[in-house]
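**Q** One predicted model, sequence on top.
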Amino acid sequence: MPAPEKNGVAHADRTTIAPAVLVSIARQTALAVPGVAGVAAIPGGVNRWFRRGLGDGVRIAVEGGRARLDLYLVFGRDSNVRQVGRAVQTEVARAFREMVGMPVDSVNVHIEDIDFGSPIP
């Protein structure tokens, strides 16, 4: 017997989102903010010994359907660190709400370096 329907959708139906998709949304959204020059390696952890995930620059924890993000970024040399950091927080939280429908508890921006070799786009 099929699952009961509510608004034309069976209750048994579900959509899952791979963790890599969440990382990609956060990374690409942050990189689109003017003043962000790139992502940095996540400091510490086992990945540094195995050389995996060093350029990801994104750590996400999801609990109770809510996300907490840590972004490890490189800013451009002419960046206003405070303004760019706030813009990253706003845009990443917006992207999660609009694209995934997931509320965001926090977006922590960790500025790991300043790229003095390239001007801000």
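**A** Now that the structure is in, tell me what you want to look at. Bear in mind that the values here come from a model prediction, so they are computed numbers and not experimental data.
**Q** buried ones in stretch 101-115?
**A** M102, V104, V107, V109, I111, E112 (16 or more other CB atoms under 10 Å). Backbone N, C-alpha and C define where each C-beta goes, glycine included.
**Q** what's the offset of it from the middle of its chain?
**A** For stretch 101-115, the gap between its own C-alpha mean and the chain's C-alpha mean amounts to 7 Å (CA atoms, centre = their mean, to the nearest Å).
**Q** spatially speaking, which residue is in the middle of this protein?
**A** The residue lying closest to the centre of the chain (CA atoms, centre = their mean) is A26, at 2.3 Å.
**Q** And the buried residues of stretch 101-115, which is closest to G85?
**A** Nearest to G85 among these: V109, at 4.5 Å, using CB to CB.
**Q** Please give me every residue in contact with the closest one.
**A** Contacts for V109 (CB atoms under 8 Å, 6 or more residues apart in numbering) come out as L71, L73, G85, V88, Q89.
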